[in-house]
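Asks: predicted coordinates and the sequence they were generated for:
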Amino acid sequence: MRKKGFLIATSAGFAAAAAPGAQAADMPIKAPRYVEPAADWTGWYIGAHAGAAWQQTNASTSYADTTFGNNTFSKTGFIGGGQIGYNWQRGNFVFGLEGDISGLSNKNSGVANGYQFTSRVHWLSTVRGRFGLAVGDTMAYATAGVAFAGVRSSLDFAFSNSQTYSGTSSNKTRTGWTVGGGVEHMLSRNWTIGLEALFVDLGKSSVLDRNVSGKTGNFQNQLIISRVKLNYKF
């Protein structure tokens, strides 16, 4: 009898000890907290841009190996166009190539030494490398590359009565370089928006004065561009 009671008490003790574990096993397991994956910048994209372009023209006249009358003129105009590019991503670092083409409204002119200098950048195209650091959905990047532009340079006679008489003009494709940077934000998996600033140097060019043999007008054009970009990522 005593032995039977001992067995019953021992069994009850084991059941009580096992009960909390059984209850815990029956409790639902809480799902792990969802962590949004890092933005993926890899792939092709295409887009459009618009903004402002500030053009500075350094002009001078040369004759008989002498340069005189250095003057600087500036003008701000509209720039707009499109771009296409590709990004590679490794961790938080993003590497890319981008090409763009833009139309500009700039027509920069000024009078000096009896001449009116006029320089107009019709179009601008750049091919650039990009190096960026992505944090969450936002990427900051630096960029640099080569620039091409259609530039029309004119050298006209100017008089005190504000009249100008046709001189000489040159319409050429200029090659230069560009450097800048920007910030781009991923609105969704396919859409990004960004703000970019570029400095462009189109080098030096000259226009011969057809009325005075050996006399030339010299031009050097530089641009500072600020633009908003909207891209669709494939």
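Replies: Cool, got the structure.
Asks: mind listing what's buried in stretch 127-134?
Replies: 128, 130, 132, 134 (16 or more other C-beta atoms under 10 Å). For the C-beta atoms, the positions are set from N, CA and C on the backbone; glycine is no exception.
Asks: what lies in contact with that stretch?
Replies: Applying C-beta atoms under 8 Å, 6 or more residues apart in numbering, the contact partners of stretch 127-134 are 38-39, 41, 85, 87, 89, 92-99, 139-146, 178, 184.
Asks: and stretch 186-199, by the same measure?
Replies: Contacts for stretch 186-199 (C-beta under 8 Å, 6+ apart): 39-41, 45, 47, 49, 126, 137-139, 143, 178-185, 222-234.
Asks: what comes up buried for that stretch?
Replies: Quick answer for stretch 186-199 (16+ other C-beta under 10 Å): 186, 192, 194, 196, 198.
Asks: low-confidence stretches in the chain?
Replies: Low-confidence segments of the chain (pLDDT under 70): 1-38, 159-166.
Asks: tell me where it has strands.
Replies: 43-63, 66-90, 93-104, 108-112, 115-135, 138-158, 164-186, 191-208, 216-233 (DSSP state E).
Asks: what is the neighbour count of residue 59?
Replies: Counted with other C-beta atoms under 10 Å, residues neighbouring residue 59 total 27.
Asks: from residue 56, how far off is the most centrally placed residue in the chain?
Replies: The centroid of the chain falls nearest to residue 196 when counting by C-alpha atoms, centre = their mean (3.9 Å). Separation of residue 196 from residue 56 (C-beta to C-beta, to the nearest Å) stands at 19 Å.
Asks: cool, and residue 204?
Replies: 13 Å.
Asks: okay, the two: which has more neighbours?
Replies: Neighbours were counted for residue 204 and for residue 56 using other C-beta under 10 Å; residue 56 has more, 15 against 12.
Asks: mind listing what that one touches?
Replies: Residue 56 neighbours (C-beta under 8 Å, 6+ apart): 72, 73, 74, 108, 221, 222, 223, 224.
Asks: could you list everything the fifth one pairs with in the sheet?
Replies: Beta-bridge pairing of residue 221, defined through DSSP bridges, involves residue 57.
Asks: please apply the same query to the first one.
Replies: When bridges are called by DSSP bridges, residue 72 pairs up with residue 58.
Asks: that one touches residue 57, doesn't it?
Replies: Yes - with contact defined as C-beta atoms under 8 Å, residue 72 counts as touching residue 57 (7.1 Å).
Asks: for these two, indicate the residue with more neighbours.
Replies: residue 57 (25 against 12).
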